[in-house]
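> okay, predicted coordinates and the sequence, questions at the end:
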Amino acid sequence: TDSNKISCGSTSNMMYLPLSKSTDKWCDLITTDFTSEKYATFFSLYIYPGVTFDNYTFKVNVYEGDELITYHIPENITVDYLSLDDYKSNISLPSAVISEVDTVVGQVNAIDADLRFFFQTDNHETNNRGLYGLYQLVDSYDICDFLCNGGDMHENPSNTATLGGAISGLTRISEIMKNIDGTFVAVKGNHDTVPNEALPVIINGDVFNNIFLSHLNNIAVFDPNNPNGNYYYIDFHTSKIRVVFINTSDVIADNGELVVSGPDLNIIQQKQIDWITNVALNFTNKSDRSEWHLLTIGHASMVYFATSLLKILEAFKSGGSYSGADITMYAPYTVDVDADYTAQGAMIYVGNICGHLHNDTIYTNEPMGFTEFSVRNAFRPYDEPGATGRGQLDTPDFYSFDIISISKLERKLYATRFGAGEDRYFTY
């Protein structure tokens with residue numbers, strides 16, 4: 001391409017962008033090869049329908065050690081904007097994948113839903129090119145109330161040896177997602193806290209907030225007593241559904257050190273338990289609270305470690321109470337629970353959505369009135385039977401994500417699957 005234009009036409013082009021920090025300095029950028037170690041830790045660049053920007057608002061972030069350097073694209077750069085049809089044909093996704101998205105969207109539109117969202121989890125930075133393309137393509141149909149990444153976005157030994165490298169990897173993942181037209185949300189996974197278990201690198205709560213959650217300040221409710229706790233809720237007032245986003249990797253103490261150690265790093269500390277009990281599950285200020293439904297989303301399964309949360313949710317659903325001390329299963333951490341919903345009355349709980357397990361399951365605890373829905377990892381592992389390596393990028397079965405639809409009238413949660421796996425639903 002010539003020096004004064006950014007071209008979005010060919011996915012194989014090498015592009016050269018002048019950097020304003022040094023007018024005679026150039027850097028080369030491969031737009032589609034996000035697995036290339038030489039470039040992946042430095043740049044992410046996409047232009048897609050609906051994006052507009054003035055001069056100096058489009059920038060490239062570079063981490064040199066732990067220092068963030070921001071380069072602005074100079075004034076003489078111009079941009080060709082693509083139509084939606086042209087965008088789909090140049091999105092760096094294979095045509096079979098794009099066609100399958102069209103099919104899935106048609107199936108989703110046939111469901112009469114009160115709330116609908118895209119859910120993908122556990123990409124482990126396997127294929128960011130496909131991840132970015134899928135988020136943007138699904139968002140272009142304007143059928144989702146939000147798009148959610150279920151955690152474990154980062155686990156790449158090649159670029160997590162330093163804090164700067166780890167932060168750069170997470171920043172690269174978030175930049176495109178936060179700039180889609182729809183609302184992007186994320187929950188924190190164990191590998192988003194400690195990206196590489198062999199190295200002493202910890203992503204603190206304030207860093208995760210700045211990268212993934214700061215754009216939600218005007219629509220989400222965070223804990224003012226623990227603003228960097230990486231947990232929050234959003235009320236969708238039209239559908240009257242509250243979604244609570246839980247930090248199941250709540251393992252960092254106030255001094256920045258880990259409360260527990262081990263491979264799973266899945267606990268919920270006292271501050272978050274108190275906030276969930278007294279704030280997130282508190283609907284007493286809503287005169288129409290009987291019409292509201294509650295959904296929770298977290299990275300790790302509550303069934304395997306969060307016995308205290310299950311008992312809190314049981315009390316919430318029945319309009320009862322529970323108090324006691326509970327020890328998490330993954331690590332020796334104790335929380336004290338004091339939940340009383342007798343004044344609020346019985347409420348409607350949809351269930352919990354999680355990842356972490358790398359498989360599709362629906363678990364129901366009927367006595368507690370609890371259903372958990374787990375979603376398999378976003379990209380098919382190369383060692384899975386039937387996988388054929390990177391060539392499988394050309395087929396929809398390399399990918400896995402769901403578009404979740406909640407019907408309050410039917411009391412059903414539908415998961416329409418794109419890629420490997422099956423459509424599923426449960427009744428709540």
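In hand now; what should we look at?
> surely residue 117 touches residue 401?
No: taking contacts as Cβ atoms under 8 Å, residue 117 lies outside contact range of residue 401: 10.8 Å. (Each C-beta comes from the backbone N, C-alpha and C, glycine too.)
> which one's more surrounded, those two?
residue 401 (31 against 24; other Cβ atoms under 10 Å).
> tell me, what's the model's pLDDT at the residue nearest to residue 340 when sequence neighbours are not counted?
Among residues not flanking residue 340 along the chain, residue 321 sits closest, at 4.1 Å (Cβ to Cβ, 6 or more residues apart in numbering). At residue 321, the model reports a pLDDT of 97.
> against residue 311, how distant is residue 321?
Note on residue 321: its distance to residue 311, by Cβ to Cβ, to the nearest Å, is 10 Å.
> and for residue 293, the neighbour number?
20.
> residues in contact with it?
By Cβ atoms under 8 Å, 6 or more residues apart in numbering, the contact set of residue 293 is 240-242, 348-350, 406, 408.
> rerun at 7 Å
240-241, 348, 350, 408 (Cβ atoms under 7 Å, 6 or more residues apart in numbering).
> most neighbours, which of the residues you listed?
In terms of neighbour count, residue 350 stands highest of the contacts of residue 293 at 23 neighbours, by other Cβ under 10 Å.
> so how far is residue 407 from it?
Going from residue 350 to residue 407 by Cβ to Cβ gives 10 Å.
> quickly find the element holding the closest residue to residue 209 other than its chain neighbours.
Once flanking residues are discounted, residue 209 sits nearest to residue 228: 5.4 Å by Cβ to Cβ, 6+ apart. Using DSSP states H and E, residue 228 falls within no helix or strand.
> name the SS class of residue 137, please.
Residue 137 falls in the helix class when you classify it by DSSP: H, G, I helix; E, B strand; the rest coil.
> wait, it sits on residue 100?
No: judged on Cβ atoms under 7 Å, residue 137 makes no contact with residue 100 at a distance of 10.5 Å.
> mind listing what's buried in stretch 142-151?
143-151 (16 or more other Cβ atoms under 10 Å).
> now do the same end-to-end measure for that stretch.
End-to-end distance for stretch 142-151, by Cα to Cα, to the nearest Å: 23 Å.
> check stretch 174-194 too.
Stretch 174-194 has an end-to-end distance of 17 Å (Cα to Cα).
> quick check: the gap between residue 303 and residue 346.
Distance, residue 303 to residue 346, using Cβ to Cβ: 23 Å.
> and the two? Which one has more around it.
Set residue 303 next to residue 346 and count neighbours by other Cβ under 10 Å: residue 303 wins out with 18 against 13.
> average pLDDT across stretch 416-428?
93.
> the stretch 151-300 of the chain: strands as residue ranges?
184-186, 221-222, 232-236, 241-246, 293-298 (DSSP state E, counting those that start in this stretch).
> those strands: which one's closest to residue 326?
For the strands of the stretch 151-300 of the chain, the distance to residue 326 is smallest for strand 241-246, at 15.4 Å, taking Cβ to Cβ.
> partners of the closest one, with directions?
Using DSSP bridges, strand 241-246 pairs in its sheet with strand 232-236 (antiparallel), strand 293-298 (parallel).
> contact partners of the first one?
Same thing as strand 232-236. With Cβ under 7 Å, 6+ apart as the test, strand 232-236 has contacts from 115, 145, 216, 219-222, 242-245, 280.
> and that strand, what's buried?
Buried positions in strand 232-236, judged by neighbour count with 16+ other Cβ under 10 Å: 232-236.
> could you do stretch 305-314 as well?
Buried residues in stretch 305-314, defined by neighbour count with 16+ other Cβ under 10 Å: 305-314.
> now the residues you listed as JSON lines including pLDDT and secondary structure?
Shown next, in JSON lines, are these (pLDDT from 0 to 100; DSSP: H, G, I helix; E, B strand; the rest coil):
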{"residue": "305", "pLDDT": "73", "secondary structure": "helix"}
{"residue": "306", "pLDDT": "75", "secondary structure": "coil"}
{"residue": "307", "pLDDT": "80", "secondary structure": "helix"}
{"residue": "308", "pLDDT": "87", "secondary structure": "helix"}
{"residue": "309", "pLDDT": "90", "secondary structure": "helix"}
{"residue": "310", "pLDDT": "90", "secondary structure": "helix"}
{"residue": "311", "pLDDT": "91", "secondary structure": "helix"}
{"residue": "312", "pLDDT": "94", "secondary structure": "helix"}
{"residue": "313", "pLDDT": "95", "secondary structure": "helix"}
{"residue": "314", "pLDDT": "94", "secondary structure": "helix"}
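> how about a markdown table for those residues, with distance to residue 189 added?
What follows is the buried residues of stretch 305-314, written out as a markdown table (distance: Cβ to Cβ, whole Å):
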| residue | distance to residue 189 |
| --- | --- |
| 305 | 14 |
| 306 | 15 |
| 307 | 20 |
| 308 | 20 |
| 309 | 17 |
| 310 | 20 |
| 311 | 24 |
| 312 | 22 |
| 313 | 21 |
| 314 | 26 |
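> which helices and strands does the helix or strand hosting residue 418 pack with?
Using DSSP H and E, residue 418 falls within strand 412-419. The contact analysis (3 or more Cβ pairs under 7 Å, 6 or more residues apart in numbering; DSSP states H and E) places strand 412-419 against helix 95-109, strand 400-407, strand 424-427.
> next, the angle from it to strand 293-298.
40 degrees (axes from the mean of the first three to the mean of the last three Cα atoms, to 10 degrees).
> so what touches strand 412-419?
Strand 412-419 is touched from outside by 100-101, 104, 107-108, 111, 350-351, 373, 396-406, 423-428, with contacts defined as Cβ under 7 Å, 6+ apart.
> quickly run through the sheet partners of that strand, with directions.
Partners of strand 412-419 in the sheet, by DSSP bridges, are strand 400-407 (antiparallel), strand 424-427 (antiparallel).
> so what touches the shortest one?
If you take Cβ under 7 Å, 6+ apart as the criterion, strand 424-427 is touched by 351, 360, 362, 371, 373, 411-415.
> repeat that for stretch 269-283.
Contacts for stretch 269-283 (Cβ under 7 Å, 6+ apart): 223, 225-226, 229, 231, 233, 244, 247, 250, 259, 289, 292, 308, 312, 316, 335-337, 339, 344, 347.
> among those, which ones are buried?
Buried members of these, scored by 16+ other Cβ under 10 Å, are 223, 226, 229, 231, 233, 244, 247, 250, 289, 292, 308, 312, 316, 335, 337, 339, 344, 347.
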